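*Asks:* Okay, predicted coordinates and the sequence, questions at the end:
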Amino acid sequence: MAWPRAITIDQTIEATEYSLTDTNYAVPHTVTIKGTYRDSQMRAGSYEGTFSISGIPSTQNAIAKIDEINPQGTNRVYYFLNDTEYIWPGEVCDFCCNKDFSSGALTLMDIKYHSDSISGTWPGEKGRILVWPADSRAEAIAMFDSMYHIDDK
């Protein structure tokens with residue numbers, strides 16, 4: 001029987017944001033991940049800590065909680081100002097990653113700021129993705145496709 005275990009994660013990753021349609025669009029980001037991943041015997045693991053992306057204000061100064069980390073499926077990042085006050089994560093939407101976050105891909109929504117709220121949409125094939133590690137746009141899109149199983153519809 002395998003007992004649940006905790007993995008301390010403290011890393012900074014260089015990642016690039018790409019457009020699925022604009023071949024000239026490439027924006028570098030720094031992803032900072034500091035927290036704890038916990039295995040579970042009955043389901044995929046979970047993570048709690050920071051998961052901030054440079055240039056994306058909604059990911060700063062908040063606690064990230066991610067349930068069901070599973071490289072074969074997508075997850076949602078939940079951000080909290082404290083233990084109970086949830087804040088909407090803005091651009092960050094679903095993502096896939098491995099347990100130690102050494103590789104991952106996430107979708108970035110188009111957002112609009114209103115006077116009292118934020119709204120976001122995923123523009124489908126015109127969307128933006130953030131993938132690591134990837135040395136080129138072609139490699140990033142191939143990795144994104146394999147992680148999200150885009151061709152398995």
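*Replies:* That came in fine, so what should we check first? Quantities reported herein were computed from a predicted structural model and do not represent experimental measurements.

*Asks:* shaky segments in the protein?
*Replies:* Applying pLDDT under 70 to the chain flags the ranges 1-4, 40-44, 67-90, 93, 117-118, 148-153.

*Asks:* Now do the strands in it.
*Replies:* For the chain, strands defined by DSSP state E occupy the ranges 6-19, 26-38, 45-53, 63-69, 75-80, 86-87, 92-97, 104-108, 110-113, 118-121, 128-132.

*Asks:* Dump these to TSV, plus distance to residue 145 and mean neighbour count.
*Replies:* C-beta: built from backbone N, CA, C; applies to glycine. Formatted as TSV, the strands of the chain follow (distance: least, C-beta to C-beta, whole Å; neighbours: other C-beta atoms under 10 Å):
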stretch	distance to residue 145	mean neighbour count
strand 6-19	12	15
strand 26-38	18	16
strand 45-53	21	20
strand 63-69	20	18
strand 75-80	17	17
strand 86-87	30	14
strand 92-97	11	21
strand 104-108	9	24
strand 110-113	21	12
strand 118-121	21	13
strand 128-132	10	22
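
*Asks:* Turn those strands into a markdown table, columns for distance to residue 140.
*Replies:* Shown next, in a markdown table, are those (distance: least, C-beta to C-beta, whole Å):
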| stretch | distance to residue 140 |
| --- | --- |
| strand 6-19 | 5 |
| strand 26-38 | 9 |
| strand 45-53 | 15 |
| strand 63-69 | 20 |
| strand 75-80 | 19 |
| strand 86-87 | 28 |
| strand 92-97 | 13 |
| strand 104-108 | 8 |
| strand 110-113 | 19 |
| strand 118-121 | 22 |
| strand 128-132 | 4 |
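
*Asks:* All good on my end, thank you.
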